[in-house]
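[1] predicted coordinates and the sequence they were generated for:
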Amino acid sequence: MTTELHEIGEIPSPHMTPRRMYASVIRRERYGAPSTAFRTEVVDVPPIGPDQVLVMVMAAGVNYNNVWAALGSPVDVIGQRQKNGQPEDYHIGGSDASGVVWAVGSRVRTVAAGNHVIVSSCQWDESAADIRLGADPIASTTQSVWGYESNYGSFAQFTAVYEYQCHPKPPHLSWEEAAAFLLTGATAYRQLRGWPPHTVQPGDPVLIWGGAGGLGCMAIQLAALFGGIPIAVVSSGDRAEFCLGLGAKGVIDRTEFDHWGPLPDPDHPDATARWTAGVRAFGKRIWEAVGERRGPRIVFEHPGQDTMPTSMYVCDNAGMVVICGATSGYQAQVDLRFLWMRQKRLQGSHYANLRQCRAVVHLVGTGRVDPCLSWTGRFEQTGEAHQMLCDNQQPPGNLAVLVNAPAPGMTELR
Ligand SMILES: NC(=O)c1ccc[n+]([C@@H]2O[C@H](COP(=O)([O-])OP(=O)(O)OC[C@H]3O[C@@H](n4cnc5c(N)ncnc54)[C@H](OP(=O)(O)O)[C@@H]3O)[C@@H](O)[C@H]2O)c1
């Protein structure tokens, strides 16, 4: 049965699927500052295919990818989809959700209406040739990120996802806690556990950029859990305290250094000397934090352009710089001499496969990793939340907005 529309925070009667829904929508003509790019509109509830599930979203996690979507750069996600033949001239972002399965397609077997779920954000074609030949689905040519590359993400009352994206919600987590951690947690998990032999081992120093950010707060906890020595980089005293509280062995304030950005021109010895002094002083701070003259076996990268030259320099011989993002720009420089002479590894990493997602749900569900929810907003604050991320003004940890959950702290439907 269908109804027309229900208000945010009002749960519809079971088996009633509204025809229309509220969504926080980005349009091409609003591309720019996230605070104004997102606007609440009423749109049609998306239809589901036979392998899909309609989830009523209770809360949505806020991630950096929809800062990029709002800016319309470096990818115009709406234009890109239209080029691929999709009709919608709007984007509903949101790549993290907790919610209730509301309806299922004819071929869905593993979840049923009424299940409480957390939604992971990677989608792929399960019948793709590369997956059938054994590829990790996250590396499939068919892989895309729900609520960023694909439409109908979690910043709406309902979302259409594939059955395999649904994970059981740990019952004791509030809707907003359950929505906040999976994208950052699973991405960090793959970076730290997914690239053997460079998986965190007991005693390994791990340098974590943006330790108080969404990825960083999960990476500190995971590195510590697996016996590593997390050293966090931050830009303020309160962020440093937060990282120490999560288990970082040491913290470095990056504002005390100024050698960031591109490598110096090798034809300018003074600039090279200044850069080298800066990066060595930074490396010395890592040794002090570790307690011995040992560089990080793993450097957990995501700022990109500003930090990559430093990451490659300070990484231990035969260590790995593992990168999943480029907040400060994607045209980073690498001094190849460090790469080959010191036999370092530069590894790209993107989100996570289902086994890695489930591992993180398990670690959070069993209380071994904290979801680090630091801020819960109202649905209308979706743009504001992304603006905080864009301006690097967010409180330490992960952020979420309530969608259909009427109040924070609720673990059940009512
Ligand atoms: N590929 C994937 O699957 C994937 C998944 C998640 C995220 N990402 C990407 O990874 C990046 C970080 O995501 P997040 O969720 O952790 O974002 P976040 O919560 O905004 O945290 C990023 C942290 O990076 C630090 N930072 C910002 N600019 C920096 C700079 N120029 N140099 C050094 N540090 C800087 C900031 O910490 P301080 O100012 O305290 O140093 C900030 O807290 C984003 O670009 C995002 O798109 C990719």
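    Thanks, I have it.

[2] so for the residue nearest to Tyr152 when sequence neighbours are not counted, what's the pLDDT?
    Nearest residue to Tyr152, sequence neighbours excluded (Cβ to Cβ, 6 or more residues apart in numbering): Pro46, at 4.5 Å. Where you see a C-beta, it was placed from the backbone N, CA and C, and this is true even at glycine. Turning to Pro46, the model gives it a pLDDT of 96.

[3] and Pro46, backbone torsions?
    For Pro46, the backbone dihedrals are phi -70, psi 150 (criterion: degrees, to the nearest 10).

[4] these two touch, right, it and Phe158?
    Yes - applying Cβ atoms under 8 Å as the test, Pro46 and Phe158 come out as touching, 6.9 Å apart.

[5] now do the shared contacts for the two.
    Between them, Pro46 and Phe158 share the neighbouring residues Leu54, with contact defined by Cβ atoms under 8 Å, 6 or more residues apart in numbering.

[6] more crowded one of the two?
    Looking at Pro46 and Phe158 with other Cβ atoms under 10 Å, you find the greater number of neighbours at Phe158, namely 27 against 19.

[7] can you tell me how far that one is from the ligand?
    Taking Cβ to the nearest ligand atom, to the nearest Å as the measure, Phe158 and the ligand are separated by 24 Å.

[8] how about Ala277?
    Taking Cβ to the nearest ligand atom as the criterion, Ala277 is separated from the ligand by 19 Å.

[9] can you pull the pLDDT of that residue?
    98.

[10] how about Pro12?
    At Pro12, the predicted lDDT confidence score is 86.

[11] now do Leu413
    With respect to pLDDT, Leu413 has a value of 88.

[12] which residues touch it?
    Going by Cβ under 8 Å, 6+ apart, Leu413 touches Ile11, Met58, Val100, His116.

[13] tell me how many other residues crowd the first one.
    Under the neighbour criterion other Cβ under 10 Å, Ile11 is assigned a count of 15.

[14] do you know how far the residue of the chain found nearest the ligand is from Met388?
    With Cβ to the nearest ligand atom, the shortest gap between the chain and the ligand falls at Gly213, namely 2.1 Å. According to Cβ to Cβ, to the nearest Å, Gly213 and Met388 sit 11 Å apart.

[15] what do the two both touch?
    With contacts defined as Cβ under 8 Å, 6+ apart, the residues shared by Gly213 and Met388 are Gln394.

[16] between those two, tell me which one has more neighbours.
    Remark: of Gly213 and Met388, Gly213 carries more neighbours, 26 against 20, as counted by other Cβ under 10 Å.

[17] distance-wise, check that one relative to Leu54.
    Per Cβ to Cβ, Gly213 is found 32 Å from Leu54.

[18] show me the contacts for the residue of the chain closest to the ligand.
    His302, Gln394, Pro396.

[19] show the buried residues in the contacts of Leu413.
    By neighbour count, with 16 or more other Cβ atoms under 10 Å, the contacts of Leu413 hold Met58, Val100, His116 as buried.

[20] tell me the one of those nearest Ala326?
    Compare each of those with Ala326 using Cβ to Cβ and the shortest gap goes to Met58, at 31.6 Å.

[21] so that closest one: helix, strand or coil?
    Met58 carries the three-state label strand when classified by DSSP: H, G, I helix; E, B strand; the rest coil.
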